[in-house]
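*Asks:* Need the 3D shape of this:
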Amino acid sequence: MSAPISTELPHHPLPSGRWVSADGGGQDLYLPSSRAADDDQRARTTVDRPVEALRPVAPEEARQLAECFALDYLSCDEDDPDLRRLALEPYLARRCDALLGWPADTQDRGRWRAVHARAGEVLPYSHGLTVDVKVLVEVFERTAYLEGSADRPGRDAGEGAGDGAGDSGAATTPGVDGTDDRPPRSRPALPLGARWSAVPSAHAPGWTQVMTIWQRLGVPVRRHDHGHLVVELFALPASEGG
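*Replies:* Modelled structure (predicted):
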């Protein structure tokens, strides 16, 4: 007869995450996580966090979410930069983090199209799983600007005054401080149950594909306080060397 599985918790404090019984019985006891709350109104202490937020993340679930996230994270389109933010927000616990990690060299510039993602190894971390994902990405180069484009080099507020385009006296080209005065793009209604993807179309006027590359990501996946899976995305501190 097999020995009973120990369920005794250790006396010393543990970091957030999963603890496996010392007798090797294979039982996982998921302890209340000490990570910051996703919703300060609903979880102000460790005992306020609902049980749904503490359920173990299945590797299959984590791989699926990580592959979808990787495709949107490594896609961008200079002609519609806000689409990437719309696509990333549902993956994240904090909507503001959807602006992080623009894949091209300059924020809101360039055009990348992630076309294939493969999840591999899954490693546990303090309160979730990190998924190794390799992504095939098509990189495009601007070859021409469309007539009247706000991003066309050399265009200023006065250009087009003869046809009334510059009467307002305000430039529409994004400024050096990163602000963008272009009006919001009109979008069609999403089909029922659908959500936005950042992956742009395969062909676009003024763009030519110049290379296809593999990129590798380590995507941390955990449960939100509401129970669904989210990607843990935040900016890393700068190195001491600058």
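
*Asks:* Please look at Leu83 and Trp196 and confirm they touch.
*Replies:* Yes: applying CB atoms under 8 Å, one finds Leu83 in contact with Trp196, separated by 6.4 Å. To be clear about C-beta, it is placed using only N, CA and C from the backbone, and glycine gets the same treatment.

*Asks:* Give me the helices and strands touching the longest helix along the chain, please.
*Replies:* Among the elements of the chain assigned as helix by DSSP state H, the one spanning the most residues is helix 59-73. For helix 59-73, the packing partners by 3 or more CB pairs under 8 Å, 6 or more residues apart in numbering; DSSP states H and E come out as helix 82-88, strand 111-125, strand 128-142, strand 207-223, strand 229-231.

*Asks:* Buried residues, that helix. List them.
*Replies:* By neighbour count on 16 or more other CB atoms under 10 Å, the buried set for helix 59-73 is Pro59, Ala62, Arg63, Leu65, Ala66, Glu67, Cys68, Phe69, Ala70, Leu71, Asp72, Tyr73.

*Asks:* can you give me the end-to-end distance of stretch 189-197?
*Replies:* Start to finish, the residues bounding stretch 189-197 are 14 Å apart (CA to CA, to the nearest Å).

*Asks:* Can you tell me the element Ala104 falls in?
*Replies:* Here Ala104 is covered by no helix or strand, with elements defined by DSSP states H and E.

*Asks:* And stretch 185-196, what's buried?
*Replies:* Buried residues in stretch 185-196, counted by 16+ other CB under 10 Å: Trp196.

*Asks:* Likewise for stretch 121-128?
*Replies:* For stretch 121-128, a neighbour-count test (16+ other CB under 10 Å) marks Val122, His127, Gly128 as buried.

*Asks:* likewise stretch 216-227?
*Replies:* Judged by neighbour count using 16+ other CB under 10 Å, the buried positions of stretch 216-227 are Leu217, Val219, Pro220, Val221, Arg222, Arg223, Asp225.

*Asks:* one step back: could you dump the helices and strands packed on helix 59-73 to CSV with mean pLDDT and distance to Arg187?
*Replies:* Putting these into CSV (pLDDT from 0 to 100; distance: least, CB to CB, whole Å) gives the following:
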stretch, mean pLDDT, distance to Arg187
helix 82-88, 97, 8
strand 111-125, 96, 18
strand 128-142, 97, 22
strand 207-223, 97, 20
strand 229-231, 96, 23
